[in-house]
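*Asks:* My questions are about this predicted structure, shown below with the sequence.
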Amino acid sequence: MVLDEVLQRFRQQFLQATHLKLIFKEKPYCILLEPTDGKVYSIKFERDQIAFVSKSEVERFDVVISGVEKALLDVLTGKERLQRMYKRNELKIEGTYSAVLKAETIFYLNQCEVSVQ
C-alpha cells in the first residue's frame, strides 16, 4: 500500500529533522488518519519521537483526518495543504483550530517525496 510507504518515509524524515522536534516538547500529540478505502493510522509524536501506535493505545486524538487515500497522500507529500483540502470537502478534519494548525505545520515542514508506481 502506498500510504504505508509514504508514512514510513514521513517518519524517517521527522526523526532526522531537529527543527520539528521543538514543536513536541510539552505533551504527546496524536493524529488519526482514516482513509475511507483502507486501514487506519494512529501517529503519536512525543518529544523527539514519532510512533505508529494502535488506535486503542490513544486516549484522545488531537486531530482526526479522514478522506480518500489520494487526498491524504497529497497532504503528506506536500502537493496540497490540509486546510485547503478541507475547504474543498476533500478531507474531513476534527480538532481544535490550534491542533489542526499544528498538523498542517508538521505536514508542510516534513513533506516527503515518494515516487508512486
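*Replies:* Received it, and whenever you're ready, just let me know what you need. Numbering: from 1, shown residues only.

*Asks:* Surely residue 45 and residue 30 touch.
*Replies:* Yes. Using CB atoms under 8 Å, residue 45 is in contact with residue 30, at 7.4 Å. C-beta: built from backbone N, CA, C; applies to glycine.

*Asks:* Which residue ranges of the protein form helices?
*Replies:* For the chain, applying DSSP state H gives helices covering 2-16, 18-21, 69-76, 82-87, 97-109.

*Asks:* Which one of the ones you listed lies nearest to residue 37?
*Replies:* helix 69-76 (5.6 Å; CB to CB).

*Asks:* Name the residues of the closest one that are buried.
*Replies:* 69, 71-76 (16 or more other CB atoms under 10 Å).

*Asks:* wait, what's in contact with residue 102?
*Replies:* Taking CB atoms under 8 Å, 6 or more residues apart in numbering, we find residue 102 in contact with 23, 29, 62-63.

*Asks:* so where is the protein shaky, pLDDT-wise?
*Replies:* 1, 113-117 (pLDDT under 70).

*Asks:* mind redoing it with 50?
*Replies:* Residues of the chain meeting the criterion pLDDT under 50: 116-117.

*Asks:* Contacts only, for the nearest residue to residue 83 once chain neighbours are set aside.
*Replies:* Using CB to CB, 6 or more residues apart in numbering and skipping residues adjacent in sequence, the residue nearest residue 83 is residue 104, 6.0 Å away. Contacts for residue 104 (CB under 8 Å, 6+ apart) come out as 81-83.
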